[in-house]
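A.B. asks: Sequence plus predicted model, see below.
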Amino acid sequence: MIQWSEKMSVGNLIIDQQHKTLVDLVNKMYDAVSKGKGDEAVKEVLPELVNYTKTHFDYEENFMKQTSYPNLAQHHKLHQDLIRHAYDINDNIQTGQFFSSVTVTGFLKDWLMNHILKEDMKYSIHNAASV
Ligand SMILES: [Fe+2]
Ligand SMILES: [Fe+2]
């Protein structure tokens, strides 16, 4: 489970709220995995997670544009790679191919935590320095 903490805050209320929603969705999968219901939960939650992630990435990239963040292109690529990968996983799952809910959930948790703490924090620092 991911425990939200202040060190994950990027200093923007709306984006923090979106990140918390993403954390909640991943935690929902985690909770189900721990109760032996991971496969059903991943199948059900993943499309919602992918959709919400797209909405969040759009909002975040727009924020970076507005705050003249210099590494937007690089950040956009990281977002795109994740979306592609998540679509692939989702396609495989929804077409009935074998998957491990533990692996999928672990991957999403690691990606989200690393991305917020390492990549999103970069625009947060840039924005804090320029105001
Ligand atoms: Fe991001
Ligand atoms: Fe983000």
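C.D. replies: Done, it's in. Residues are numbered from 1 along each chain as shown. Ligands and ions are numbered 1, 2, ... in the order given.
A.B. asks: So for the residue of the chain at minimum distance from ligand 2, what's the nearest residue that isn't a sequence neighbour?
C.D. replies: Closest approach of the chain to ligand 2 (CB to the ion) occurs at Asp120, with a separation of 4.4 Å. Glycine gets a C-beta too; all of them are placed from N, C-alpha and C. Residue nearest to Asp120 in three dimensions, not counting chain neighbours: Val10, with 5.2 Å by CB to CB, 6 or more residues apart in numbering.
A.B. asks: got the phi/psi numbers for the one you found?
C.D. replies: Phi and psi for Val10, reported as degrees, to the nearest 10, are phi -100, psi 10.
A.B. asks: these two touch, right, Ala128 and Gly11?
C.D. replies: Yes: with the criterion set as CB atoms under 8 Å, Ala128 and Gly11 qualify as a contacting pair; they are 5.9 Å apart.
A.B. asks: what about the two, which has more around it?
C.D. replies: A count of neighbours by other CB atoms under 10 Å puts Gly11 above the other of Ala128 and Gly11, at 13 against 10.
A.B. asks: list the buried ones in stretch 44-52?
C.D. replies: 45-46, 49-50 (16 or more other CB atoms under 10 Å).
A.B. asks: Check stretch 112-122 too.
C.D. replies: Using 16+ other CB under 10 Å as the burial criterion, the residues of stretch 112-122 that qualify are 112, 115-116, 119-122.
A.B. asks: Take those residues and keep only those in strands.
C.D. replies: For the buried residues of stretch 112-122, membership in strands holds for none, with DSSP state E as the criterion.
A.B. asks: between the buried residues of stretch 44-52, which is nearest Asn62?
C.D. replies: Using CB to CB, the shortest approach to Asn62 within the buried residues of stretch 44-52 belongs to Val50, at 19.1 Å.
A.B. asks: List the contacts of that closest one.
C.D. replies: Taking CB atoms under 8 Å, 6 or more residues apart in numbering, we find Val50 in contact with 83, 86-87, 90.
A.B. asks: Output the helix or strand of the chain with the lowest mean pLDDT as CSV, nothing but the C-alphas.
C.D. replies: Among the secondary structure pieces of the chain, namely its helices and strands, helix 121-130 has the lowest mean (mean pLDDT, DSSP states H and E), a mean of 93. Output in CSV follows, covering the C-alpha atoms of helix 121-130 (Å, rounded to 0.1, in the frame of the first residue of the first chain):
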residue,chain,number,x,y,z
MET,A,121,9.3,16.8,-8.1
LYS,A,122,11.6,18.3,-10.8
TYR,A,123,8.8,20.6,-12.1
SER,A,124,7.7,21.3,-8.5
ILE,A,125,11.3,22.5,-7.6
HIS,A,126,11.4,24.6,-10.9
ASN,A,127,8.1,26.2,-10.1
ALA,A,128,9.0,26.9,-6.5
ALA,A,129,12.2,28.6,-7.6
SER,A,130,10.5,30.8,-10.2
